[in-house]
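Asker: Have a look; sequence and predicted model below, questions after that.
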Amino acid sequence: MRFQDTLQRRWHEHGTLVCVGLDPEPTRFPSHLRDTPDAVFDFCSAIVDATADLVCAFKPQIAHFAALRAEDALERLIAHIHAKHPGVPVILDAKRGDIGSTAQHYATEAFERYRADAVTLNPYLGRDSIQPFLERADKGVILLCRTSNPGGADFQALDCGGTPLYLRVAETVARDWNANGNCALVTGATWPEELGKVRAVVGEMPLLVPGIGAQGGDVEAVLKHGCTADGNGLLISSSRAILYAGRGEDFAAAARAAASELRDTINRCGRG
Ligand SMILES: O=C(O)c1cc(=O)[nH]c(=O)n1[C@@H]1O[C@H](COP(=O)(O)O)[C@@H](O)[C@H]1O
């Protein structure tokens, strides 16, 4: 099934906008897992199994695995999600971006090697750098637009003929790059008013919104500015606040409680 269809199904049939980010940091694992041979997989798969019914997507962050030489654990983790929780899409957070011939290899990496349903990309190199991904109509192409970090405005807010660069990105993606209906944008929870400006430009396009939890984004403000008219349209992503909600043997139950609370807060704050 296409990424955009699985996402719609999670929003409408499972009533959740929560995306759990999978960012393993072994120093923060519970002590009983820290020195086990397959700790990264064991930790992440326990979080996945404890939260799958509460999420609209999982988002593993590739650097967290690569830095630990744990790419094989990432491959097995994504295979585990597909096998045990079919219908939950996996977004590979890789933020790739390169000339077309190299981009082709990044597309193969994301969709064939890792079997991700969607990937985050940096649009800075322009259309041809994204083309190999856009052509995969069944896969989600999630482009950085207004990132959550403090320096996000350094370039993204630069004036481009009366419009900030991030809105130019939003306009271009919505108008020119989305012929297959498989594009989405990253807009950080830490900039809710900009999120609203992006929403006004892109119609119903899905927005991936990191920055809730550890980065301090406000759920209510995100919903006020970012929801579509039917109360959907967002993947509100949290990693550390869910993954490391507990430090003991009950870490997975603690993660479930944190994800459940986030889902309920979102639903209480007025989605659909
Ligand atoms: O593309 C992303 O996922 C992303 C974009 C952005 O603007 N800000 C941002 O924090 N992220 C990612 O989202 C996750 C946020 O983690 P927490 O702050 O722990 O919830 C990290 O994996 C970041 O790499």
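Answerer: Yep, that arrived.
Asker: helices and strands of the chain: which one bottoms out on pLDDT?
Answerer: Using mean pLDDT, DSSP states H and E, the weakest-scoring helix or strand in the chain turns out to be helix 31-34, at a mean of 92.
Asker: Strands of the chain, start to end?
Answerer: Under the criterion DSSP state E, the chain carries strands at the ranges 18-22, 57-60, 91-96, 118-121, 140-146, 159-160, 163-164, 183-187, 207-210, 234-238.
Asker: Export the ones you listed to TSV and append columns for mean pLDDT and distance to T228.
Answerer: All C-beta atoms are positioned from the backbone trio N, CA, C, and that covers glycine. TSV is the format used below for the strands of the chain (pLDDT from 0 to 100; distance: least, C-beta to C-beta, whole Å):
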stretch	mean pLDDT	distance to T228
strand 18-22	98	16
strand 57-60	98	16
strand 91-96	98	19
strand 118-121	98	18
strand 140-146	98	16
strand 159-160	98	26
strand 163-164	98	22
strand 183-187	98	12
strand 207-210	98	9
strand 234-238	98	8
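Asker: Out of the ones you listed, which gets nearest to the ligand?
Answerer: strand 207-210 (3.5 Å; C-beta to the nearest ligand atom).
Asker: contacting residues around the closest residue to V173 other than its chain neighbours?
Answerer: Spatial nearest neighbour of V173, excluding adjacent residues (C-beta to C-beta, 6 or more residues apart in numbering): C183 at 5.2 Å. Taking C-beta atoms under 8 Å, 6 or more residues apart in numbering, we find C183 in contact with L134, G140, V141, I142, L143, V173, A174, W177, M205.
Asker: Could you rerun that using 7 Å?
Answerer: V141, L143, V173, W177, M205 (C-beta atoms under 7 Å, 6 or more residues apart in numbering).
Asker: next one: the least confident helix or strand of the chain to chain centre, how far?
Answerer: Remark: helix 31-34 is offset 27 Å from the chain centroid, using C-alpha atoms, centre = their mean, to the nearest Å.
Asker: by contact count, what packs against it?
Answerer: If contacts are counted by 3 or more C-beta pairs under 7 Å, 6 or more residues apart in numbering; DSSP states H and E, helix 31-34 sits against helix 39-51.
Asker: who in the stretch 101-250 of the chain is up against the ligand?
Answerer: Proximity of the stretch 101-250 of the chain to the ligand, by C-beta under 6 Å from any ligand atom, involves residues 120, 147-149, 186, 188, 210-211, 213-215, 237-240.
Asker: can you count the residues close to the nearest residue to D42 once chain neighbours are set aside?
Answerer: Spatially, and ignoring its direct neighbours in sequence, D42 is nearest to L33 (5.8 Å; C-beta to C-beta, 6+ apart). Using other C-beta atoms under 10 Å, L33 has 16 neighbouring residues.
Asker: Quick one: residues contacting L33.
Answerer: L33 makes contact with A39, D42, F43 under the criterion C-beta under 7 Å, 6+ apart.
Asker: I'd like to know which of these are buried.
Answerer: Buried subset of these (neighbour count, 16 or more other C-beta atoms under 10 Å): A39, F43.
Asker: Between the contacts of L33, which sits nearest the ligand?
Answerer: F43 (14.7 Å).
Asker: so the closest one touches D23, yeah?
Answerer: No: counting by C-beta atoms under 7 Å, F43 does not reach D23; the two are 10.8 Å apart.
Asker: shared neighbours, these two?
Answerer: The contact sets of F43 and D23 do not overlap (C-beta under 7 Å, 6+ apart).
Asker: Per-residue pLDDT of G272, please?
Answerer: What the model reports as pLDDT for G272 is 43.
Asker: 11 is where my numbering starts, stick with that
Answerer: All right, first residue 11 from here; so that's G282.
Asker: What lies in contact with stretch 130-138?
Answerer: Contact with stretch 130-138 is made by 101, 103-110, 140, 143, 151-154, 179, 187, 196, as judged by C-beta under 7 Å, 6+ apart.
Asker: Report all helices and strands that the longest helix belonging to the chain contacts.
Answerer: Longest helix of the chain, by residue count under DSSP state H: helix 261-278. Using 3+ C-beta pairs under 7 Å, 6+ apart as the contact test, the elements touching helix 261-278 are strand 28-32, helix 49-61, helix 229-236, helix 250-253.
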